[in-house]
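Visitor: Pasting the sequence and the predicted coordinates here, then a few questions.
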Amino acid sequence: MPHYTTKETVDAIVIGTGAGGAPLLSRLAQAGLKVVALEAGKHWNPASDFPTDEKAQGKLFWTDERLSAGNDPLPFGNNNSGIGVGGSTLHYTAYTPRVQPDDLRIRTEFGVGEDWPIGFDQIEPYYDEVEQFLGVSGPSPYPWGPARKRAYALGPLPVNGAGQLMQKGCKELGIKTSPAANAALSADYYQEGVGYRPACTNRGFCQAGCNNGAKASMDVTYIPLALRHGAEIRPESFVTQLIRDASGRISEVVYIRNGQEERQRCRYVFLCAGTIETPRLLLLNGLANSSGQVGRNVMAHTALQIWGEFDDDVRPYKGIPGAIISEDTHRPHKADFVGGYLLQSIGVMPVTYLSQMARGRGLWGQALKRAASAYNHVAGINILGDCLPYSHNFLELSDEKDVRGLPKPRIHFSNGESEERMTAHADKTMRDIWAAAGAKNVWAFPRNAHVIGTCRMGNDPERNVVNADGQSFDIPNLYVSDNSTFPSALSVNPALTIMALSLRTADRFLDRTKRLDA
């Protein structure tokens, strides 16, 4: 890995190394640019740092305090962000469904929300590329959405106990299911520019960090590719300032490393710090906000979970957590809400399940012990559904300071009528599935997941923060690449789309700079 000095001017600084930053970083490095990535967390070694120990892996979650407000305050930490080289992909469950084309046209279809400034045809080639590079395992053909131009790189992973029970219940009700697409290897796989990665061992601790590299987190995929092509990674570097020169362009990035302030000169900045830290950094520096939309339009997927106990020995910690999917509810018949949702089987690690159960069922003492004893017989289903942007949902800087002396972010969030109706529809659907599968002691865990929005992309600079290429309307050498740019929440997990947009942003940038140099 090269080490650029802070005295020289690098071509680009990438802030954040997760799904939004790592693919872009590799693309810029491959193009021959001098690029430095600044990451707030450590650069872990999966083989030695990711034990099969749920509690020990709390180090992968962003646990700096974030303040929550609103009628449905959002939990942070392990729910919504990660830290370390690889970002949240270190602990994501690798669920990688594509959007369907109408996901990008919510306003056109329903008259509310926001359309995307790009169509499915502009994202689809990048879906193909990401899936092949990562080695996504999934069914071919896939039952929903447009016919795919390329099959998944590998066949589906084995279906675990929770997935088999969801299949059983859905079959009884006539709901179509399929093995899900997961960015985890069902067989050994050669990754171009990286080398061989081994197959998944089905240990089920995806949210605690994959210790053999079978799960396609950024630290074992796009980061090695970027390093091979000359990128520099600076871990434990927390960015605090973006300095502008007399022309209004960002010329320096200030960060804290080893307790000392450092500065790196640069020609371009790619801000890929996620839906919370990206707008927070812009607000701290008073940048890119002529529209007044930085921090606005917070969304979070409706993500109700329904749990049940079964006579079968489920062993919910085994296998890929999200083994089975159904998109039959993508646009439910006669629905009274906007958009739709997918259904997903869920396995779960023990500490996660017991902590959720204690809160969701209000159990304590002996009652909690009795319920906990059924752990090996439990299975869950959850939804991932659309959420509209509302003016009452936003991020702001609070008066409280964090350990660095910076204002903590405060996130206001309340579900709207559409989200509440969607949750009610899904509650009945999932309870019916579990009843058909023979569940008992069924209970619900209401939640929202995947914080989205806050730096929306669009064509109108008065209503959006960045354009369709992720470029700031206010500062031409500033780009944003993460799910803060999403105009709508989408009814699928965001990781695959973030990666696809990351590559598209890099390509559009490289094409633009070539034309400017000509």
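Guide: Now that the structure is in, tell me what you want to look at. Numbering: from 1, shown residues only.

Visitor: Quick check, Pro446 in contact with Met422.
Guide: No - between Pro446 and Met422 there is no contact under Cβ atoms under 8 Å: 11.9 Å. Every residue, glycine included, has its C-beta placed from N, CA and C.

Visitor: With neighbour numbers in mind, choose between the two.
Guide: Met422 (28 against 13; other Cβ atoms under 10 Å).

Visitor: who's in contact with that one?
Guide: 302, 335, 337-341, 383, 385-386 (Cβ atoms under 8 Å, 6 or more residues apart in numbering).

Visitor: Would you mind listing the two of these that lie farthest apart?
Guide: Using Cβ to Cβ, these span at most 14.3 Å, a distance reached by Val338 and Ile383.

Visitor: More neighbours: the two, which one.
Guide: Neighbours per residue, other Cβ under 10 Å: of Val338 and Ile383, the larger number sits with Ile383, 26 against 23.

Visitor: Verify the contact between that one and Ile325 for me.
Guide: No - counting by Cβ under 8 Å, Ile383 does not reach Ile325; the two are 11.0 Å apart.

Visitor: Need the residues touching each of those two.
Guide: Common neighbours of Ile383 and Ile325, using Cβ under 8 Å, 6+ apart, are 342-344.

Visitor: Which parts of this structure are helices?
Guide: With DSSP state H as the criterion, the chain has helices at 22-30, 46-49, 106-110, 120-134, 161-173, 222-228, 274-285, 350-361, 365-372, 417-437, 495-517.

Visitor: quick revisit: most neighbours among the shared contacts of Ile383 and Ile325, which one is it?
Guide: Gln344 (27 neighbours).

Visitor: With Arg447 as the reference, measure out to that one.
Guide: The gap separating Gln344 from Arg447 is 13 Å, by Cβ to Cβ, to the nearest Å.

Visitor: average pLDDT across stretch 450-466?
Guide: The average of the pLDDT scores along stretch 450-466 is 97.

Visitor: for the stretch 401-518 of the chain, what are the low-confidence residue spans?
Guide: Regions of the stretch 401-518 of the chain meeting the criterion pLDDT under 70 cover residues 515-518.

Visitor: Can you name the residues that contact Arg265?
Guide: 6-10, 251-252.

Visitor: With pLDDT, distance to Pro198 and neighbour count as added columns, please give those in JSON lines.
Guide: What follows is the contacts of Arg265, written out as JSON lines (pLDDT from 0 to 100; distance: Cβ to Cβ, whole Å; neighbours: other Cβ atoms under 10 Å):
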{"residue": "Thr6", "pLDDT": "89", "distance to Pro198": "38", "neighbour count": "12"}
{"residue": "Lys7", "pLDDT": "87", "distance to Pro198": "42", "neighbour count": "8"}
{"residue": "Glu8", "pLDDT": "93", "distance to Pro198": "39", "neighbour count": "10"}
{"residue": "Thr9", "pLDDT": "96", "distance to Pro198": "41", "neighbour count": "12"}
{"residue": "Val10", "pLDDT": "97", "distance to Pro198": "35", "neighbour count": "20"}
{"residue": "Ser251", "pLDDT": "97", "distance to Pro198": "44", "neighbour count": "18"}
{"residue": "Glu252", "pLDDT": "97", "distance to Pro198": "42", "neighbour count": "17"}
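
Visitor: Show me those residues that map onto strands.
Guide: Of the contacts of Arg265, the ones assigned to strands by DSSP state E are 9-10, 251-252.

Visitor: Local confidence estimate at the closest residue to Val351 other than its chain neighbours?
Guide: Leaving aside its chain neighbours, Val351 sits nearest to Glu54 (4.6 Å; criterion: Cβ to Cβ, 6 or more residues apart in numbering). You'll see Glu54 listed with a pLDDT of 85.

Visitor: ok, Glu54 - contacts?
Guide: Glu54 touches 205, 207-208, 349-352, counting by Cβ under 8 Å, 6+ apart.

Visitor: Surely Asn459 is in contact with Asn467?
Guide: Yes - applying Cβ under 8 Å, one finds Asn459 in contact with Asn467, separated by 6.9 Å.

Visitor: which ones are touching Lys171?
Guide: Thr177.
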